[in-house]
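Participant: Below are the sequence and a predicted model; questions follow.
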Amino acid sequence: MQGNFTYHNPTKLHFGEEAMKHLAGELKNYGPTVMLSYGGGSIKRNGIYDAVMAALKEAGKTVVEDAGVMPNPTYEKVQGGCALVRDHKVDLILAVGGGSTIDYAKAVSASAYCEEDAWEKYWVKQGWPSCQVVPIGSVLTMVGTGSEMNGGSVITNRKAGFKLGKVFGPDLYPKFTILNPRFTMTVPQYQMVAGFFDIMSHLMEQYFAGKADCTTDYLIEGLMRSLVHSSRIAAKNPQDYEARANIMWTATWALNTLLKMGKGGDWEVHQIGHAIGLVTDATHGMTLAAVSLPYYRHVMRDGLHQFKRFALNVWGVRPEGKSDEQVATEGLQCLEAWMKEIGLVMHSKELGVTEANLQRVADAALILPVGYRTLTREEVVEILTESL
Ligand code: NZQ
Ligand code: ZN
């Protein structure tokens, strides 16, 4: 295990088909005014909105509606939410949606009463809130990001030219989250499998970095194997409750801060993915799918021991008569075959990356010095070129 750490995750989870029964009771722990934040309207079409409104009514709340949180939420939208919070003296933000809505709620919570420029303070300088923050609760409708049980808040600021993540502390984690796998059944196939790869990417970002052969590696391998198993079932039959439920639980544990304890992480695939998202507004999980193989092939020799371990323990590659490099390469080939099987985007040009905008994408990617290899800007260009 690496370093010293404190593990504290205060999010209370209610899981299962009857999880919504707990919402009214949770709401009663907060003041009278609730801001209901949600996305482009899927919750109105699939009945989740009505179920949430019924719980809000049962709890006797005044509701401030805050619709239209877009995928890859923007800082402009966050500023609009902040004004609503201040104008209505909101006591709780209830985020109903996927990672975008929950990330947005955290951004609004930390920014509404911030007296400085919140973008500069949190996303550029990675500072901590020193103002009042508004508690958040969430009802998850799309699986992948882990935002339901962490402090992550990824915001796009096109004026500044960046899509940046901020990891807030436990004060900004949702106080409670409702996880009903049935609520995810109406997610379109493209978004669903993008979410599956987002989970895999969170696991790989933490696996391919830091100390090798620690407890976390064994946990990650188990989560990866569960994800591969259930995703194969769900990609063919999205209505399979058991598979969708397992994936929902895996996603939460993949990024609720447990795995990074004593281990650290790489997160370079996410930085390149965010840069693609900034320039093309592509779906987060697909941006990761398009660049992962070129990136991992690029750094494989720098972390050969772990790539071999991945091949053996996640994919069951047979090592007899093969060099470490051959085994590791086969592991990445298994990853590629699984990605194609579940229907992921394998090339960044399908997301709108072109030879003309590739340099702009490369320039917008943060380069982190924490993985097996610290990339140069030219290497980012090479990886993106290979991803086309
Ligand atoms: O807006 P609506 O109409 O709700 O439609 C959404 C949206 O179009 C739709 N959807 C969600 N639930 C649905 C549904 N459609 C039908 N039925 C349902 N039950 O799905 C689309 C995508 O939703 P979104 O919330 O954008 O997806 P996701 O959960 O993948 O979130 C992506 C955002 O999270 C950030 C990403 O960068 C991106 O901005 N991330 C947040 C992280 C964190 N907080 O720790 C970590 C991740 O790595 C990631 O960066
Ligand atoms: Zn992600």
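Facilitator: Yes, it's here. Every value quoted in this text rests on a predicted model; they were computed, and no experiment measured them. Numbers count the residues shown, from 1 in each chain. Ligands and ions are numbered 1, 2, ... in the order given.

Participant: near ligand 1, which residues of the protein?
Facilitator: Selection of the chain residues close to ligand 1 by Cβ under 6 Å from any ligand atom yields 39-43, 46, 71-72, 97-101, 103, 141-142, 144-147, 150, 152, 154, 183-184, 186-187, 191, 195, 198, 255, 270, 284-285. Heads up, the C-betas are built off the backbone N, CA and C, glycines and all.

Participant: and the residues you listed, which are buried?
Facilitator: Neighbour counting by 16 or more other Cβ atoms under 10 Å classes 39, 42-43, 46, 71-72, 97-101, 103, 141-142, 144-147, 150, 152, 154, 183-184, 186-187, 191, 195, 198, 255, 270, 284-285 among those as buried.

Participant: Please flag which of those residues sit within helices.
Facilitator: 42-43, 99-101, 103, 191, 195, 198, 270, 284-285 (DSSP state H).

Participant: Please identify which of these is nearest to residue 83.
Facilitator: The shortest approach to residue 83 among those belongs to residue 101, at 17.6 Å (Cβ to Cβ).

Participant: quick one: contacts for the closest one?
Facilitator: 37-39, 69, 73, 95, 138 (Cβ atoms under 8 Å, 6 or more residues apart in numbering).

Participant: Please tell me how far it sits from residue 137.
Facilitator: 12 Å (Cβ to Cβ, to the nearest Å).

Participant: same deal with residue 315?
Facilitator: 39 Å.

Participant: Who has more neighbours out of the two?
Facilitator: residue 137 (24 against 19; other Cβ atoms under 10 Å).

Participant: how far away is that one from residue 218?
Facilitator: Using Cβ to Cβ, residue 137 is found at 33 Å from residue 218.

Participant: again, but for residue 174
Facilitator: Applying Cβ to Cβ, the value for residue 174 to residue 218 is 28 Å.

Participant: CA atoms only: put the helix or strand that contains residue 340 into PDB for me.
Facilitator: Element membership for residue 340 (DSSP states H and E) is helix 324-342. Output of helix 324-342 as PDB, limited to C-alpha atoms (Å, rounded to 0.1, in the frame of the first residue of the first chain):
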ATOM      1  CA  ASP A 324       5.800 -11.100 -21.100                       C
ATOM      2  CA  GLU A 325       5.300  -8.700 -23.900                       C
ATOM      3  CA  GLN A 326       3.300 -11.300 -25.900                       C
ATOM      4  CA  VAL A 327       1.100 -12.000 -22.900                       C
ATOM      5  CA  ALA A 328       0.500  -8.300 -22.300                       C
ATOM      6  CA  THR A 329      -0.300  -7.700 -26.000                       C
ATOM      7  CA  GLU A 330      -2.800 -10.600 -25.900                       C
ATOM      8  CA  GLY A 331      -4.500  -9.000 -22.900                       C
ATOM      9  CA  LEU A 332      -5.100  -5.800 -24.900                       C
ATOM     10  CA  GLN A 333      -6.400  -7.800 -27.800                       C
ATOM     11  CA  CYS A 334      -8.900  -9.400 -25.500                       C
ATOM     12  CA  LEU A 335      -9.900  -5.900 -24.300                       C
ATOM     13  CA  GLU A 336     -10.300  -4.900 -28.000                       C
ATOM     14  CA  ALA A 337     -12.500  -7.900 -28.800                       C
ATOM     15  CA  TRP A 338     -14.800  -7.200 -25.900                       C
ATOM     16  CA  MET A 339     -15.100  -3.600 -26.800                       C
ATOM     17  CA  LYS A 340     -16.100  -4.500 -30.400                       C
ATOM     18  CA  GLU A 341     -18.500  -7.200 -29.100                       C
ATOM     19  CA  ILE A 342     -20.500  -4.700 -27.000                       C
END
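
Participant: by contact count, what packs against that helix?
Facilitator: If contacts are counted by 3 or more Cβ pairs under 8 Å, 6 or more residues apart in numbering; DSSP states H and E, helix 324-342 sits against helix 189-207, helix 215-236, helix 284-299, helix 304-315.

Participant: Of the ones you listed, which is nearest residue 356?
Facilitator: With Cβ to Cβ, the closest approach to residue 356 among those belongs to helix 284-299: 17.0 Å.

Participant: and that closest one, what does it pack onto?
Facilitator: helix 189-207, helix 268-280, helix 324-342, helix 377-387.

Participant: Kindly reformat the ones you listed as CSV containing mean pLDDT.
Facilitator: Converted to CSV, the helices and strands packed on helix 284-299 look like this (pLDDT from 0 to 100):
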stretch, mean pLDDT
helix 189-207, 98
helix 268-280, 98
helix 324-342, 98
helix 377-387, 98
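
Participant: Which neighbours do residue 101 and residue 137 have in common?
Facilitator: Residues touching both residue 101 and residue 137 (Cβ under 8 Å, 6+ apart) are residue 95.

Participant: Assumed residue 138 was part of a strand.
Facilitator: Yes: with DSSP: H, G, I helix; E, B strand; the rest coil as the criterion, residue 138 is located in a strand.

Participant: give me the beta-bridge partners of it?
Facilitator: Going by DSSP bridges, residue 138 is paired in beta bridges with residue 95, residue 177.

Participant: Same question for residue 162.
Facilitator: residue 157.

Participant: Let me know the secondary structure of residue 320.
Facilitator: coil.

Participant: Please tell me the pLDDT value assigned to it.
Facilitator: Looking at residue 320, its pLDDT stands at 98.

Participant: ditto for residue 2
Facilitator: Listed pLDDT for residue 2 reads 84.
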